[in-house]
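>>> take a look and give me a structure for this.
(2 chains)
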Amino acid sequence: MDAGFSHLDDESLIRQIQKGSHEAFSALVNRHSNRFYGIAYRLLFNKGDAEDVVQEAFLKLWDRPQLWNSSKQAKFTTWFYKVVINLCLDLNKKRKPLELPEEMELVDNNPGQDLLLDTHQKQALVDSLIQELPERQQLALNLCFYEGSSNEQAAEIIGVRVKAVQSLIMRAKTTLKDKVKRYLGGGSI
Amino acid sequence: MTMNLRQFKENLLVYGADVHTWPQDIRRTGLKALENSAELRALLADEERFELVLKTRKYEEPSSDLAERIISASQPRTKKVRRSLGGFFSELPWEFSLSKRAVTAVCVSLVLVLIIGFAIGFSNPMGSVSTEQYQTNLQELLYYEGEVL
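Okay, the predicted model is just below:
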C-alpha cells in the first residue's frame, strides 16, 4: 500500500502528509508505531494505554500535520517523541501510582536481606521503583537506557542540555541501585 | 590521558556497563583503566548485575495489528449511524423498503386518525357517561327488555 513511500525519509513523508497523502501517513505509521509504543509502554506500564496513546498521537498528526514545522523541528522522531511523552505524562497525572505488593513492603524492614523473588515480583519491584523516580529522571532513564537514545537526542526530547541529561541518568541509577540493594540484598545484584 | 575511579564510576552510570559502546573519546582510556585496576573491574561487575536487574523489567510487545488499527482509524469515516429519535424515524422507510407514496399514505392516515380521535375526545370532555344519562339509558333498556319479556 505504501511501497512508493517507503524509500522516503520521515521529513519527506510529513511533507506529503501535509499535502493530504494518506499513503505517506500509512508509511510513517508502519515505520514508527512500534518504536513509539516502546516509550509509551515504559512510561505508562500498560499495553492498552500505550497503544491508545500512540494511536492518539498519530491521529493528531493526521488531523493537524501542520503542527510539525520543518523550519523549527530538525527531526520528526525527536518531535514526535515529545508529542507521545506529553500524552503519557498527561495520562499519568490522572492515574494513581503503582503500589508495591504488600509482601515486598514488609521486606523493607529487614534491609540487606537476600530475597529470592520470582521474576514477576522482580518486575513489579523494578517498575514501582522506577515510578517513584522524579519525572525527568524517569524520562532520561527510559530514553537512554531502555530505548537506546543518545544523550544528545534525549536532551533535545526532554528540553534540557546534554550535561543535565547525564546528571539525570546518574541520579536515577544511583537511587535505583540503592533501593534495589535494599530490597534484594547486596548479593543479588 | 587517564581515568580515575570517580570518572570511571560516572561514565559507567551515564554510558552503561558495556565499555565498548562508550563514546570514542573515552572508550580507549576506560578500557585501559579497566585493565590495570581490580577495583574498576569489581565496579564494572557490580554495574553489570545492576543492569541485569533493570532489564528484568516487564515489557509487553505491541499488538501485531497496531499500525493497521491506526491507519484504519485515520481513514475518513463512512456515514455515521444515527442514534437520535428523528434519525430513527427518518430511516424507518429505508428499513422497511417503503416507497415515498406509501410513507405519505401512512402519515396522512395517522394524522386523520389523530384528528378524529381528538374530535371524539373533545365532544365528550369528561371521558365518561354522566350518572343521569346512565340511568336514563338503563331505564330504556329495562323498559325495552320488559316489553320483549
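>>> next, count neighbours for A:R182.
16 (other C-beta atoms under 10 Å in any protein chain shown). Heads up, the C-betas are built off the backbone N, CA and C, glycines and all.
>>> report pLDDT for it.
Reported pLDDT at A:R182 in the predicted model: 85.
>>> what is the burial count for the residue lying closest to A:Q66 once chain neighbours are set aside?
The shortest distance from A:Q66 to any non-neighbouring residue, by C-beta to C-beta, 6 or more residues apart in numbering or on different chains, is to A:Q18 (6.3 Å). As a burial measure, A:Q18 scores 15 neighbours (other C-beta under 10 Å).
>>> identify the residues contacting A:Q18.
Residues in contact with A:Q18 (C-beta atoms under 8 Å, 6 or more residues apart in numbering or on different chains) are A:65-66, A:68.
>>> switch the cut-off to 10 Å
Residues in contact with A:Q18 (C-beta atoms under 10 Å, 6 or more residues apart in numbering or on different chains) are A:24, A:64-68, A:70.
>>> tabulate these (a markdown table), appending secondary structure, distance to B:E10 and neighbour count.
A markdown table is the format used below for the contacts of A:Q18 (DSSP: H, G, I helix; E, B strand; the rest coil; distance: C-beta to C-beta, whole Å; neighbours: other C-beta atoms under 10 Å in any protein chain shown):
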| residue | secondary structure | distance to B:E10 | neighbour count |
| --- | --- | --- | --- |
| A:A24 | helix | 44 | 22 |
| A:R64 | coil | 42 | 10 |
| A:P65 | helix | 42 | 18 |
| A:Q66 | helix | 43 | 9 |
| A:L67 | helix | 38 | 13 |
| A:W68 | coil | 36 | 19 |
| A:S70 | coil | 37 | 11 |
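>>> picking up where we left off before, how near is the residue nearest to A:Q66 to A:F76?
Distance, A:Q18 to A:F76, using C-beta to C-beta, to the nearest Å: 12 Å.
>>> anything in contact with each of these two?
A:68, A:70.
>>> walk me through the domains of the chain.
Chain wasn't specified; assuming chain A. A:1-96, A:111-189 (automatic domain parsing).
>>> think we crossed wires, I meant chain B
With automatic domain parsing as the reference, chain B has domains B:5-54, B:99-148.
>>> so which of the ones you listed gets nearest chain A?
domain B:5-54 (4.4 Å; C-beta to the nearest C-beta).
>>> is the closest one anywhere near chain A?
Yes: counting by C-beta under 10 Å from any C-beta of the partner chain, chain A has neighbours in domain B:5-54: B:9-16, B:21, B:23, B:46-54.
>>> how close does the residue nearest to A:Q66 get to A:K82?
18 Å.
>>> check B:W22 too.
27 Å.
>>> check B:D65 too.
Distance from B:D65 to A:K82, by C-beta to C-beta: 26 Å.
>>> compare those two (neighbour count), which wins?
Using other C-beta under 10 Å, the more surrounded residue of B:D65 and A:K82 is A:K82, with 16 against 11.
>>> isn't that one right next to A:G159, touching?
Yes: using C-beta atoms under 10 Å, A:K82 is in contact with A:G159, at 8.0 Å.
>>> I'm done for today, thanks for sticking with me.
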